[in-house]
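One predicted model, sequence on top.
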Amino acid sequence: SDSFIFLLSEHDDRVGGPKHRNRKGRGPFRAPLYSDQISRPRHRGGHGGGGVGPGPRSRLQDDDGDVTMAEGPQDSGAQRRFTFVTLLAYYIVIVFVLLQIPFGKKYDKDWLLSSLQSVCSMPFHAVHYHTDGNKAQFYVEDSTTANALFKVSRKITDKDGYKVIHIICNVTVIMNGCPPPALIHTDLKAADLEHLKQCMAKRFDGSQQALDLNNIRVDPDLVSQNIEVTLNRRNSMLAVIKIIEENIPELICLNLSNNRLYRLDDLADIVNKVPNLKILNLSHNELKTERELDKLKGLKLVELSLEGNPLCGHYKNQADYVSAVRERFPKLLKLDGHVLPPPIGFDLEVAPATLPPCKASYFCSEEIKNIILCFLQQYYSIYDSGDRQPLLDAYHDGAAFSLSIPFTLQNASNLGEYQKDCRNIRRMKDDPTTRFRLIKHTRLNVVAFLNELPKTQHDIASLIVDVNTYTATLLAFTVSGVFKETDGKSRDSFRAFSRVFIAVPAVPAGLCIVNDELFVRNATTEEIRRAFVAPAPTPSSSPVPTLSAPQQEMLAAFSQMSGMNLEWSQKCLQDNDWDFDRAAQIFTGLKAQGKIPDVAFVK
């Protein structure tokens, strides 16, 4: 902050003493000028050629109206003093100071300015508040106010608890009677914007999605209305980009030639707002370095014109020039009207991968399908009943069981009741004792452990079955789906599961489990949304309510027509008030959409 205060005190010394007069080429008003920042060519007075005249005003003001305080090498001290006295007699000095707030774009303008004013010791007026990248920035018109604002940095806390930091970076001196720097020109009026929009509409070729803004500052339609649109000024460029964004965001070709562009900061927004731009003409402007093109990185240009810019003369040969431009735009095929050789690269564009649609259950045969669906219906009706002891009949004497949950969890406590018995080998590492202990051996231990797990209700309609192996003596299949817990701390919590059963034929019929691996995780939002859309069937194979004779006849006919068992057929008829035709229509639609579970067809 000391260096900053010194800089301002130097500018605040309007008259200056002898200590300043002895500094060659420097006076008490010397400051980083706007024209210094952009490195525009300067005309200096003196005895050498290239001067613009002996008058003090012509020597002090450059083409843009900025005040040039530097003097020629032959100027005497008396001449300098005369110049400064004359300057004080005819001009009022205004110091514009730029304040920048890192990451200030995320704050509301009114909140930010009012918060600054509440802690600042001096009232201030924010000139040309705008954002640049993630920064918010504005000007104040004197160094004293700027210094007061500088002192309140980190004294504002936003809603997230972060201190708002602001820095003061750029002092611009202008004189009364001279135009202000381009950055602080006021925005175009609404009427002027409408005229600009109409002018751009005339210059737009819809068939080519091309907009020609070549030398737009002398467009007759704008000149006749006394509207000044100079694209090297921020307000004009942003107005043009806004009109493009709101009316022709699909623009492909843009011509900005002959617009005296010396930097591309204000054009940078076009990268996000006009993403389809492929052809850009920046020829015959004032771009001095290829680094300006870095501000347009992200545009997928295939054609670019830069001829007539000073940067084109910086290269020893055409190959270096092409290489420098292609470094910014790798897909470029034409530069300054010349076709370029195909780019050499390894960034081949690959179409985004489309995942195949999820298929329904896979069974080797109808026979296997009926066996597995019947087994699952019986198994989960007992598992969800509250008393899992009858599952002893489903397991082999030497059965084995293991449980696993994901190794990395965003909220491990959600699966706490499963975590203590988790046998995920990524957690076990080199602990063979624990790994062996967590396998439950024999059917008594397996069912005893299952009884300790939370009570559940499985969504039978969500079950998907894939048969992995089938022989005459062994059947391996995977079951996945969704269930919710019905008691305890996690009541009504939804889980997704995947379970691998290895079974052998049971006597006299059915399956006997020899190996059971259960994987449990938290259900996704989409899985929760789709869960329990269709109510799970009861294990009964015959209708529970007593039906009238006509209803029983209708039920038998509907079951024969649909192929569903009596339980699901009755459910469909009841949901449609025993309207056979409407129930048939609903059934046909749901079946076509694949929304009827396989268990509905097990008889």
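Right, received. Where do you want to start?

hmm, who's touching the helix or strand containing Asn370?
Assessed by DSSP states H and E, Asn370 sits inside helix 366-383. Residues outside helix 366-383 that contact it (Cβ atoms under 8 Å, 6 or more residues apart in numbering) are 361, 363, 388, 390-391, 394, 450, 456, 458, 460, 463, 465, 467, 470, 475, 477, 479, 503, 510-511, 537-539, 598-599, 602. C-betas here are computed from N, CA, C, even on glycine.

cutoff 7 Å now
Residues from elsewhere that reach helix 366-383 (Cβ atoms under 7 Å, 6 or more residues apart in numbering): 363, 388, 390-391, 394, 456, 458, 460, 463, 465, 467, 470, 477, 479, 510-511, 539, 598-599, 602.

what's the answer for stretch 291-300, then?
Under Cβ under 7 Å, 6+ apart, the answer for stretch 291-300 is Arg263, Leu264, Asp265, Leu267, Ala268, Val271, Leu277, Lys278, Val325, Arg328, Phe329, Lys331.

Find the residue closest to Cys512 in space, skipping its chain neighbours.
Of all residues not flanking Cys512 in the chain, Ala506 sits nearest, at 4.1 Å (Cβ to Cβ, 6 or more residues apart in numbering).

thought the one you found was touching Leu475?
No. Counting by Cβ atoms under 7 Å, Ala506 does not reach Leu475; the two are 10.8 Å apart.

who's more crowded, those two?
Set Ala506 next to Leu475 and count neighbours by other Cβ atoms under 10 Å: Leu475 wins out with 21 against 14.

and the residue lying closest to that one once chain neighbours are set aside, how many neighbours does it have?
Closest residue in space to Leu475, ignoring its immediate chain neighbours: Ala503 at 5.1 Å, by Cβ to Cβ, 6+ apart. Neighbourhood size, Ala503 [other Cβ under 10 Å]: 23.

could you give the angle of the helix or strand hosting Ala503 to helix 366-383?
Assessed by DSSP H and E, Ala503 sits inside strand 494-505. Strand 494-505 and helix 366-383 meet at an angle of 120 degrees, taking axes from the mean of the first three to the mean of the last three Cα atoms, to 10 degrees as the criterion.

Which other helices and strands does strand 494-505 contact?
Here strand 494-505 touches strand 475-485, strand 511-522, helix 525-530, going by 3 or more Cβ pairs under 7 Å, 6 or more residues apart in numbering; DSSP states H and E.

give me that answer again for 6 Å
The elements that strand 494-505 packs onto, with contact taken as 3 or more Cβ pairs under 6 Å, 6 or more residues apart in numbering; DSSP states H and E, are strand 475-485, strand 511-522.

JSON lines for these, including mean pLDDT and distance to Ser224?
Converted to JSON lines, the helices and strands packed on strand 494-505 look like this (pLDDT from 0 to 100; distance: least, Cβ to Cβ, whole Å):
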{"stretch": "strand 475-485", "mean pLDDT": "93", "distance to Ser224": "70"}
{"stretch": "strand 511-522", "mean pLDDT": "93", "distance to Ser224": "68"}
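
between those strands, which one is nearest to Arg437?
The closest of those to Arg437 is strand 511-522. By Cβ to Cβ, the value is 16.3 Å.

what does the closest one rub up against?
Counting by Cβ atoms under 6 Å, 6 or more residues apart in numbering, strand 511-522 makes contact with 375, 394-396, 399-406, 414, 418, 495-504, 506, all of which sit outside it.

Please pick the buried ones from these.
Buried members of the contacts of strand 511-522, counted by 16 or more other Cβ atoms under 10 Å: 375, 394-396, 399-405, 414, 418, 495-503.
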